[in-house]
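Peer 1: A predicted structure for the sequence below; I have some questions about it.
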Amino acid sequence: MQPASPPVQQIAIVGGTHGNEFSGIYLLRHYEKQPQLMQRPSLACQTLFANPAAHAANKRYLACDLNRQFKTADLANPALTQLEQLRAKEINTLLGPKGAAKTDLIIDLHNTTSNMGPCLILTQPGRFYDLMAAYVHLNMPSAVISRDEDHLAADEHALLCTLGRYGVIVEVGPQPQSVLRQDVFEQMHEMTQHILDFVECYNTNTLPVLPKITPAIRYLHSIKLPVDAAGQRLGMVHRNVQDRDYLPIAPGDAIFTLFDGSEIFYEGETTVYPTFINEAAYYDNNLAMSLNEQVEIILADADTQGQVGISRGAL
Ligand SMILES: [Zn+2]
């Protein structure tokens, strides 16, 4: 059995990275009033409200998207001085610095307007993430595990969660911008609790028996709405695709309906699985959806046998 060292002890739960995604903001407030909900014996957990200025304005961001400002080179670039760029540097000081972070794990809480349910997004590969994915999916079968550009080095990732030694995104929808839905809030809370429970088990070598194979999806690329030469939209997401996140799109399936009544068909060569379908926040760049492939997360045999009863690792 491989040791769980070094343990994952310093945890930051981040909400409000996007100011109009309300579940994470309210979940932070909930945890701050009841800190026992985020504490476990082997770890220390803090909260961070990432973009309160954007939340006060009821917007996703004020100058630029905070969750695109965390490339290592950008954090070190003194020419980047917009509000969110400066806030990213502050957060890098608070939780990082990126590459040598004092924070072992960042859990960044997000909402989508798309019908994605509870989704755990991993931006890096590795055993810790594979074990977390298996644990979360085992305990929350409705959770979808998504690998998002985990081939990129952390330095090249612009996402806030990549600031930590480890980092994940809890992405839950559908929830309109600036709205709080009970079902979405409770799913975000549940997934966050499973992640914290997982870290406790990981640190203390008490993981349960985990499945050899956990289903997941892996991001391929995004597709845009069709526009004319002037940039005006020619159509919209097809009704057969709307709200059907994760369900297959095969070559030849209709994906857009144009205002002239015609349809646009998917021209890829393989079946793909869409996410962030018609996401409201992506309207400024005409993104229609992300496309993914199905993959499997496969654990080593030694990691599928459970650790309960094995002597607890020293912390
Ligand atoms: Zn977000």
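Peer 2: Yep, it's here.

Peer 1: doesn't I106 belong to a helix?
Peer 2: No. Going by DSSP: H, G, I helix; E, B strand; the rest coil, the assignment for I106 is strand, not a helix.

Peer 1: list the contacts for it?
Peer 2: Contacts were defined as Cβ atoms under 8 Å, 6 or more residues apart in numbering; by that measure I106 touches 11-12, 14, 95, 160-161, 163-164, 166-168. Quick note: C-beta positions are derived from backbone N, CA and C, even for glycine.

Peer 1: let's see that with 6 Å instead.
Peer 2: Contacts for I106 (Cβ atoms under 6 Å, 6 or more residues apart in numbering) come out as 12, 14, 161, 164, 167.

Peer 1: contact partners for G268?
Peer 2: P251.

Peer 1: now do 10 Å
Peer 2: G268 makes contact with 220-221, 223, 249-253, 255, 291, according to Cβ atoms under 10 Å, 6 or more residues apart in numbering.

Peer 1: redo these as a markdown table? Include secondary structure, pLDDT and neighbour count.
Peer 2: Shown next, in a markdown table, are these (DSSP: H, G, I helix; E, B strand; the rest coil; pLDDT from 0 to 100; neighbours: other Cβ atoms under 10 Å):
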| residue | secondary structure | pLDDT | neighbour count |
| --- | --- | --- | --- |
| L220 | strand | 97 | 15 |
| H221 | strand | 97 | 9 |
| I223 | strand | 97 | 21 |
| I249 | strand | 98 | 24 |
| A250 | coil | 98 | 11 |
| P251 | coil | 98 | 12 |
| G252 | coil | 98 | 9 |
| D253 | coil | 98 | 16 |
| I255 | strand | 98 | 24 |
| L291 | strand | 98 | 21 |
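
Peer 1: can you add distance to R233 and give these back as a markdown table?
Peer 2: Formatted as a markdown table, those follow (distance: Cβ to Cβ, whole Å):
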| residue | distance to R233 |
| --- | --- |
| L220 | 23 |
| H221 | 20 |
| I223 | 14 |
| I249 | 20 |
| A250 | 25 |
| P251 | 24 |
| G252 | 23 |
| D253 | 20 |
| I255 | 14 |
| L291 | 19 |
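
Peer 1: out of the residues you listed, what pair is the most spread apart?
Peer 2: Spanning the widest gap among the contacts of G268 are H221 and G252, at 18.5 Å by Cβ to Cβ.

Peer 1: grab the nearest non-local neighbour of the closest residue to the ion within the stretch 201-315 of the chain.
Peer 2: Residue of the stretch 201-315 of the chain nearest the ion, by Cβ to the ion: A281 (6.8 Å). Using Cβ to Cβ, 6 or more residues apart in numbering and skipping residues adjacent in sequence, the residue nearest A281 is R60, 5.6 Å away.

Peer 1: longest helix of this structure?
Peer 2: What stands out as the longest helix in the chain, according to DSSP state H, is helix 182-203.

Peer 1: the residue in the stretch 51-200 of the chain that the ion sits nearest to: what secondary structure?
Peer 2: Using Cβ to the ion, the single residue of the stretch 51-200 of the chain nearest to the ion is H110, 3.5 Å away. H110 carries the three-state label strand when classified by three-state DSSP.
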